[in-house]
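A.B. asks: The sequence and its predicted three-dimensional model are supplied below.
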Amino acid sequence: MTIRTDHVGGERATRAMPAWTLALPVVVVLLAATVASGLVLLNRSPRAPWVAGGTAAVGAKAVDFSSWDLKGDPVKLSDLAGRPVLLTFWATWCTACHDEFPTLQRLEDHYGQAGLTVLAVDYREADSGAMQRFLDRLNVRFQAVIDPNGAIASAYGVDIGLPVNVWIDRSQTVTQVMLGEKQAADLDAAAASIDA
């Protein structure tokens, strides 16, 4: 394909340019657009949590989910059937969570022999190192669960106002939802009331 003429030494010279050189920028732009569109449409990590259909409500079965903890180990809510569970939705930027977590650790220590399991579902964060540092500073040992896209939180109606504590009894029924930071006495009463 001839596309350009130059004057060289008073004469016109013609240079041939391969056709693929014109197509290359178009191919690169199309490839970049395809990748960007895929990322935007999916907006998911390759390890996105699985969440069963439905929405959690007091008196209804807890919405099952599977995800992973900070060590990369799988976590599935239904695997805890027969045990009372506290799902606490939190984030590293949540100052109320910082204040409440020592009480939640004390509850798991106290009621753990009766089966209470605290699962701390991290709301829309993916930096497991930052999450672990947050928990270490508070000397908290309960299991932290990853929810980078907020899929688990969405099933439980959590979108703002952390912490949110969802109490689930041994039959995996939601018994109580607590919005915002609560006093230790309120948390103690809730733990005692879910048959822990």
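C.D. replies: Structure's in. What do you need? Quick caveat, the model's predicted, so the values are computed rather than measured.
A.B. asks: Could you give me the buried positions within stretch 64-71?
C.D. replies: 64-67, 69-70 (16 or more other CB atoms under 10 Å). From N, CA and C alone the C-beta is placed, and that goes for glycine too.
A.B. asks: show me what contacts Val85?
C.D. replies: 62, 77, 116-119, 167-168, 172 (CB atoms under 8 Å, 6 or more residues apart in numbering).
A.B. asks: Give me the domain ranges for this protein.
C.D. replies: Taking automatic domain parsing as the criterion, the chain consists of the domains 2-42, 50-193.
A.B. asks: what's the most buried one of those?
C.D. replies: domain 50-193 (a mean of 17; mean count of other CB atoms under 10 Å).
A.B. asks: which stretches of this protein have low pLDDT?
C.D. replies: Across the chain, the ranges flagged by pLDDT under 70 are 1-46, 195-196.
A.B. asks: And the spatially most central residue of it, how close does it get to Pro49?
C.D. replies: In the chain, the residue lying closest to the centroid (CA atoms, centre = their mean) is Asp147, at 1.4 Å. The gap separating Asp147 from Pro49 is 6 Å, by CB to CB, to the nearest Å.
A.B. asks: what do those two both touch?
C.D. replies: With CB under 8 Å, 6+ apart, Asp147 and Pro49 have common neighbours Ser67.
A.B. asks: which residue sits closest to the residue nearest to the centre of the chain in space, ignoring its chain neighbours?
C.D. replies: Val121 (5.1 Å; CB to CB, 6 or more residues apart in numbering).
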